[in-house]
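> no FASTA, just this:
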């Protein structure tokens, strides 16, 4: 398998290159898995943490404020450990136990907000994708400022239907988000 | 809450009159729940705009959920048994492979000479594909365009599974199969697509089915299809004519 240096990994994540992403997974996941399993998580948890870590890194790269002091692997593991600590704190682990996890690696303060936003948006996106295809399509097109007339033509229906449907779809989305038990938790942070 | 969401949406979409807008903004100063609702609606809209993140999540999910493989064999309890069986099988079939090798190389070369994946450029620019939050189709076509055939296969498959009448998804799914050398699946899909000549991808499906047959060394079946394509001046009929000449 081809190997990549840190710059190539960063560029590959930025462009969502599947070869780079697969390389990152094959090379860095074992350590993430070890850490998660050691701390009471499952293999699936490890995969979930890994996935979210890559997306957080992607967000940072995209915003142009990504820098690595030690190595990419250290950074990745640092974010992943922080997510695990966060999860443990949500699961009401006591402070003594939490400090045990916190001792592994420190995540800079300025990363907290990024991670919180990441999980908040993940929840919204999850519920958006749970909506029916027509709702996803209407909301998406409205957000793109596509005229109602065009949307109606695209969906072979009337403008009146799209007008009424756009509110119903958004109401449904907001209601579903608010009904999700995770919504309160994300919001409280 | 429902009325508030409608009001908020109208405010965000610039659909309120000046007086309604002023009234809304005054209410925002004193009504904390309305303010929170507005912030939530804004953030949800931002999140939905992140089609790149949704696409990345899906790509990583496919990579992460995929079982590790060595030369296509899944590592599991029977991994070593599989290796041993493969070695024995290799010895058993080596003679026949040797004899057929020459013919296989010929058909493989012919296939490579004539095959190229069907273009998706027109579809990407098309309004339908660009209607962003028909996100799965967008992901499928973008992945196809970027030659990420694993993700493209997964996405087209999901579309085809939810809408069995979606001919386009089935057609592109067939191409992603060919790209990954999953010839049996490609053939199955293309045979289904060529059973009905009343859709836009009928002629294209015939062409790719002929190529799959070439790759499978089923020259007779390929010739039958190519003759039809040449005779009726179907899609790629010039290429079909050239290929036919090589096969005959």
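Yep, it's here. The structure presented is a predicted model; accordingly, all values stated were derived computationally and were not measured.
> can you name the farthest residue from the center of chain A?
residue A:158 (36.1 Å; C-alpha atoms, centre = their mean).
> how about stretch A:17-33 against chain B, any contact?
Yes: counting by C-beta under 8 Å from any C-beta of the partner chain, chain B has neighbours in stretch A:17-33: A:18, A:21, A:22, A:25, A:26, A:29. C-betas here are computed from N, CA, C, even on glycine.
> element containing the fourth one?
Per DSSP states H and E: residue A:25 is located in helix A:18-38.
> what packs against that helix?
helix A:6-14, helix A:43-63, helix A:72-90, helix B:51-65 (3 or more C-beta pairs under 8 Å, 6 or more residues apart in numbering or on different chains; DSSP states H and E).
> what does the longest one contact?
This points to helix A:43-63. Residues outside helix A:43-63 that contact it (C-beta atoms under 8 Å, 6 or more residues apart in numbering or on different chains) are A:10, A:13-14, A:16, A:21, A:24-25, A:28-29, A:32-33, A:35-37, A:41, A:66, A:75-76, A:79-80, A:83-84, A:114-115, A:118-119, A:122, B:52-53, B:56-57, B:60-61, B:64-65.
> related to what we said a few turns ago, biggest separation within the residues of stretch A:17-33 next to chain B, which pair?
A:18 and A:29 (15.1 Å; C-beta to C-beta).
> gap between the residue in chain A positioned nearest to chain B and residue B:8?
Closest residue of chain A to chain B, C-beta to the nearest C-beta: residue A:140 (1.9 Å). In this view, residue A:140 and residue B:8 are 18 Å apart by C-beta to C-beta, to the nearest Å.
> Pretty sure the residue farthest from the centre of chain A sits against residue A:149.
No: in this structure residue A:158 lies outside contact range of residue A:149 using C-beta atoms under 8 Å: 9.9 Å.
> that older thread, state the pLDDT value of the residue farthest from the centre of chain A.
Per-residue confidence (pLDDT) for residue A:158: 91.
> which residues of chain B fall in helices?
Assigned by DSSP state H, the helices in chain B fall at B:2-12, B:18-30, B:32-49, B:51-65, B:79-114, B:121-125, B:127-130, B:135-145, B:149-162, B:167-179, B:183-194, B:202-215, B:219-231, B:237-247.
> For residue A:170, which of those is the nearest?
helix B:2-12 (5.8 Å).
> In the closest one, which residues are buried?
B:4, B:5, B:6, B:7, B:8, B:9, B:10, B:11, B:12 (16 or more other C-beta atoms under 10 Å in any protein chain shown).
> One more: stretch B:234-247?
Those would be B:234, B:235, B:236, B:237, B:239, B:240, B:243, B:244, B:247, for stretch B:234-247 by 16+ other C-beta under 10 Å.
> before we move on, back to that, buried ones in the helix holding residue A:25?
Within helix A:18-38, the residues that qualify as buried are A:18, A:20-25, A:27-29, A:32-33, A:35-36, counting by 16+ other C-beta under 10 Å.
> Could you export those residues as CSV, including pLDDT?
Formatted as CSV, the buried residues of helix A:18-38 follow (pLDDT from 0 to 100):
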residue, pLDDT
A:18, 88
A:20, 91
A:21, 92
A:22, 90
A:23, 91
A:24, 92
A:25, 92
A:27, 91
A:28, 90
A:29, 91
A:32, 88
A:33, 90
A:35, 86
A:36, 87
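> Among those residues, give me the pair with the biggest separation.
Longest span within these, C-beta to C-beta: A:18 and A:35, 24.9 Å.
> which phi and psi does residue 164 have?
Because you didn't say which chain, this covers chain A. Main-chain torsions, residue A:164, degrees, to the nearest 10: phi -70, psi -40.
> that answer is for a different chain, and I need it for chain B
Here is the backbone geometry of residue B:164 (degrees, to the nearest 10): phi -70, psi -10.
> Now for it, how many residues are close by?
Residue B:164 has 9 neighbours, counted by other C-beta atoms under 10 Å in any protein chain shown.
> any idea how chain A splits into domains?
The record's domain parsing of chain A by automatic domain parsing lists A:1-107, A:109-189.
> Lowest average confidence across these, which one?
domain A:1-107 (a mean of 79).
> Measure how far that one is from the centre of its chain, please.
12 Å (C-alpha atoms, centre = their mean, to the nearest Å).
> Quick check, pLDDT for the residue most central in space within chain B.
Centroid check for chain B by C-alpha atoms, centre = their mean gives residue B:152 as the closest residue, at 3.4 Å. Looking at residue B:152, its pLDDT is 83.
> thinking it is in contact with residue B:138, fair?
No: counting by C-beta under 8 Å, residue B:152 does not reach residue B:138; the two are 11.5 Å apart.
> Now the residue farthest from the centre of chain A. Nearest residue, chain neighbours left out?
Leaving aside its chain neighbours, residue A:158 sits nearest to residue A:152 (5.8 Å; criterion: C-beta to C-beta, 6 or more residues apart in numbering or on different chains).
> Can you verify that neighbour is assigned to a helix?
Yes: counting by DSSP: H, G, I helix; E, B strand; the rest coil, residue A:152 is located in a helix.
> Test my guess that it contacts residue A:161.
Yes: here residue A:152 reaches residue A:161: they are 7.1 Å apart, a contact under C-beta under 8 Å.
> Give me the distance between the closest residue to residue A:180 other than its chain neighbours and residue A:184.
Excluding its sequence neighbours, the residue lying closest to residue A:180 (C-beta to C-beta, 6+ apart) is residue A:123, at 6.4 Å. According to C-beta to C-beta, residue A:123 and residue A:184 sit 11 Å apart.
> cool, and residue A:121?
16 Å.
> do residue A:142 as well
In this view, residue A:142 and residue A:184 are 28 Å apart by C-beta to C-beta.
> Looking at those two, which is more packed in?
Taking other C-beta under 10 Å, residue A:142 and residue A:184 do not tie; residue A:142 has more neighbours (23 against 9).
> Just the buried positions in the helix or strand harbouring that one, please.
Using DSSP H and E, residue A:142 falls within helix A:133-143. By 16+ other C-beta under 10 Å, the buried positions in helix A:133-143 come out as A:135, A:136, A:137, A:138, A:139, A:140, A:141, A:142, A:143.
> thinking again about what came up before, from the buried residues of helix B:2-12, which are also near chain A?
B:5, B:6, B:9.
> Can you name the residues that contact residue B:15?
residue B:9.
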